[in-house]
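Chemist: need a structure here:
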Amino acid sequence: MTSQQILFIVLGALTLAAALMMVTRRDVRRAALFLMFTFFGVASLHVLLEAPFLAAVYLFIYGGCTATFAVITLRRNMMDTPEGTGGHNRQWWAAALVTAALLSTIGGLLRWTTLHPDWVVSSTPTPEHSISALLAILMNPEGLALPFIVSSVLLLITLVSATTIARTR
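Modeler: You can find the predicted model right below:
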């Protein structure tokens, strides 16, 4: 088993775990956070499958809108806090610990890639017209347009929900 296959299995398992956590949370904010993790995992899988356009779509469009939803709902909850607290988060140390772990992981990956300059993800070059080929597949009646349509409807529901929750009375 190659390292790319192992990474695919690990990322797939983490994506499935994040999706499971998303659908089992009662708190909308935590569900939105796990939805962001799920989109990040799907984007990572698309990178491994050499589909950078789809990875960018998942990260920038779906992940960005979900992050906007989370920020809007957090802002709403911070405005509802009692006077004197100022919306202070008591779990800042956990966020700092996760941030330090992520930064050390990124630093380790950067160091590893500089120590192994011959490391190549793929030996085949990317086709010149890959985006037009992707659009031809997606727009084909037997293509893969249904998952994108379902994701777009989910995104629309997310934005309408965020607007409804953030609305002040």
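
Chemist: Check which element follows the lowest-mean-pLDDT helix or strand in the chain along the chain.
Modeler: For the chain, counting by mean pLDDT, DSSP states H and E, helix 64-79 ranks last in confidence among helices and strands (a mean of 66). Using DSSP states H and E, the helix or strand that follows helix 64-79 in sequence is helix 92-115.

Chemist: Run the chain-centre distance for that next one.
Modeler: The chain centroid and the centroid of helix 92-115 are separated by 18 Å under CA atoms, centre = their mean, to the nearest Å.

Chemist: hey, C-alpha coordinates of it in CSV?
Modeler: What follows is helix 92-115, C-alpha atoms only, in CSV (Å, rounded to 0.1, in the frame of the first residue of the first chain):
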residue,chain,number,x,y,z
TRP,A,92,-9.5,30.3,24.5
TRP,A,93,-6.8,28.0,25.7
ALA,A,94,-8.3,25.0,23.8
ALA,A,95,-8.3,27.2,20.6
ALA,A,96,-4.7,28.2,21.2
LEU,A,97,-3.7,24.5,21.7
VAL,A,98,-5.4,23.5,18.5
THR,A,99,-3.8,26.4,16.6
ALA,A,100,-0.4,25.5,17.9
ALA,A,101,-0.9,21.8,16.9
LEU,A,102,-2.0,22.8,13.4
LEU,A,103,0.9,25.3,13.0
SER,A,104,3.4,22.6,14.1
THR,A,105,1.9,20.1,11.7
ILE,A,106,2.2,22.6,8.8
GLY,A,107,5.7,23.4,9.8
GLY,A,108,6.6,19.7,10.0
LEU,A,109,5.2,19.1,6.6
LEU,A,110,7.1,22.1,5.1
ARG,A,111,10.3,20.8,6.7
TRP,A,112,9.7,17.3,5.4
THR,A,113,9.1,18.5,1.9
THR,A,114,12.3,20.6,1.9
LEU,A,115,14.3,17.6,3.1
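
Chemist: Tell me where the model's unsure across this structure.
Modeler: For the chain, residues meeting the criterion pLDDT under 70 lie at 69-71, 73-89, 117, 119-123, 138, 141-147, 166-169.

Chemist: Could you rerun that using 90?
Modeler: Within the chain, the stretches with pLDDT under 90 are 1-8, 19-96, 98-99, 102-103, 105-169.

Chemist: From the centroid of it, which residue is nearest?
Modeler: Phe40 (2.5 Å; CA atoms, centre = their mean).

Chemist: Next one: it relative to Leu20, how far apart?
Modeler: 15 Å (CB to CB, to the nearest Å). Bear in mind the C-beta positions are built from the backbone N, C-alpha and C, glycine included.

Chemist: just Leu48 next, same as before
Modeler: On the measure of CB to CB, Leu48 and Leu20 end up 21 Å apart.
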